[in-house]
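Asker: make a model of this:
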Amino acid sequence: MSTHKREIQGIVVKDSGDKTISVLVERKVLHPKYHKTVKRFKKYLVHDERNEVKVGDNVIAIECRPLSKTKSFRLKTIVSTGAN
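Answerer: Purely as a prediction, here's the structure:
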């Protein structure tokens, strides 16, 4: 059994749901044809049990069991707070 849990770090872009935040994760990949570094983005839904995160915060989330149809990450730490 694998005990490796993925960790993602990104910016909170939405916190409208109860105990749920939307985190935008940016990664840089090399373009296969042009060999230039390009940004790729993906949004993840993250479980925030205490509703303590605001839009603009930089957070780290850790993979867990599926909490809903689209939510499989829990909030681990808040790295920095946003300007808002």
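Asker: show me what counts as buried in stretch 64-72.
Answerer: 71-72 (16 or more other Cβ atoms under 10 Å). Every C-beta, even on glycine, is put in place using the N, C-alpha and C of the backbone.
Asker: go on, stretch 24-37?
Answerer: For stretch 24-37, a neighbour-count test (16+ other Cβ under 10 Å) marks nothing as buried.
Asker: so how far does stretch 42-53 reach from one end to the other?
Answerer: End-to-end distance of stretch 42-53: 19 Å, with Cα to Cα, to the nearest Å as the criterion.
Asker: quick one: mean pLDDT for it?
Answerer: In this model, stretch 42-53 has a mean pLDDT of 95.
Asker: use 34 as the first number from now on
Answerer: Got it, first residue is 34 now, which makes that one stretch 75-86.
Asker: run through who's touching that stretch.
Answerer: If you take Cβ atoms under 8 Å, 6 or more residues apart in numbering as the criterion, stretch 75-86 is touched by 41, 43, 45-46, 48, 51-58, 60, 92, 94, 97, 100-101, 103-104, 106-108, 111.
Asker: now stretch 91-100
Answerer: So stretch 91-100 is contacted by 38-45, 54, 56, 77, 79-80, 86, 105-115 (Cβ under 8 Å, 6+ apart).
Asker: recalculate using a threshold of 7 Å.
Answerer: Defining contact as Cβ atoms under 7 Å, 6 or more residues apart in numbering, one finds that stretch 91-100 is touched by 38-45, 56, 77, 79-80, 86, 105-113.
Asker: just the buried ones from the residues you listed?
Answerer: Of the members of the contacts of stretch 91-100, the ones counted as buried by neighbours, 16+ other Cβ under 10 Å, are 41, 43-45, 56, 77, 79-80, 86, 105-109, 111.
Asker: for the protein, give me the ranges with low pLDDT.
Answerer: By pLDDT under 70, the low-scoring segments of the chain are 34-35, 116-117.
Asker: what sits opposite the spatially most central residue of the chain in the beta ladder?
Answerer: Centroid-nearest residue in the chain: residue 56, 3.8 Å away (criterion: Cα atoms, centre = their mean). Beta-bridge partners of residue 56, counted by DSSP bridges, are residue 45, residue 77.
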